[in-house]
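# turn this into a structure:
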Amino acid sequence: MINMEIRNCDISIKLLDKLYQIEKQCFEREALTKQQLVYLFRDYNNRKLVAFLNNETAGFAITRLNIGKKQSFGHILTVDVAPAYRRRGIAQKILQEIEILFKDHGISESRLEVRENNIAALNLYHKLGYKEIAKLERYYGKANGLYLRKKL
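Residues are numbered from 1 along each chain as shown. Sure thing, here's the model as predicted:
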């Protein structure tokens with residue numbers, strides 16, 4: 001029986017090391033550094049969710065709450081699932097939890113960037129209702145990105 005849990009948890013050194021390993025596996029050249037991860041985890045406006053599958057760290061997400069007087073939105077900075085745990089619904093569950101988190105903070109729109117040729121991620125985002133709003137030329141080094149949005 002598979003036991004999946006997604007939770008907002010404090011980041012220990014041991015967990016940081018595991019999340020950094022997952023980040024490197026997911027993004028290679030564009031991976032965040034360990035120092036960048038620490039900064040993002042400590043930022044007051046950011047929220048992090050960690051996915052555990054049978055008590056093993058399977059993935060994580062970092063989001064930002066952009067709350068303004070005229071416009072507020074949630075920005076998904078990264079969603080990472082370790083290769084060994086892909087195709088088990090973890091990314092979809094993380095995204096659903098992010099949307100709940102955003103709604104709980106009064107946010108009615110979610111935004112994110114994705115590599116233009118990341119077909120698996122694009123299929124998932126489209127399935128969940130995200131729409132392309134802009135093309136981001138050379139956003140990932142030489143590769144293009146897409147800016148997506150979803151009304152919650």
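# please make it C-alpha for all contacts and neighbour counts, starting now.
Noted.
# confirm that residue 18 sits in a helix.
Yes - Residue 18: assigned to a helix according to DSSP: H, G, I helix; E, B strand; the rest coil.
# residues touching it, list them.
Listed by C-alpha atoms under 8 Å, 6 or more residues apart in numbering, the contact set of residue 18 reads residue 57.
# again, 10 Å this time
12, 56-59, 82 (C-alpha atoms under 10 Å, 6 or more residues apart in numbering).
# what lies in contact with the lowest-mean-pLDDT helix or strand in the chain?
Least confident element among the helices and strands of the chain, by mean pLDDT, DSSP states H and E: strand 4-7 (a mean of 88). Outside strand 4-7, the residues within contact range by C-alpha under 10 Å, 6+ apart are 48-61, 88-90, 93-94, 97.
# all helices for this protein, in order.
Applying DSSP state H to the chain gives helices spanning 13-27, 34-42, 90-104, 119-127.
# what angle sits between the second one and helix 13-27?
In other words, helix 34-42. If you take axes from the mean of the first three to the mean of the last three C-alpha atoms, to 10 degrees, helix 34-42 sits at 110 degrees to helix 13-27.
# please consider this matter closed, and thank you.
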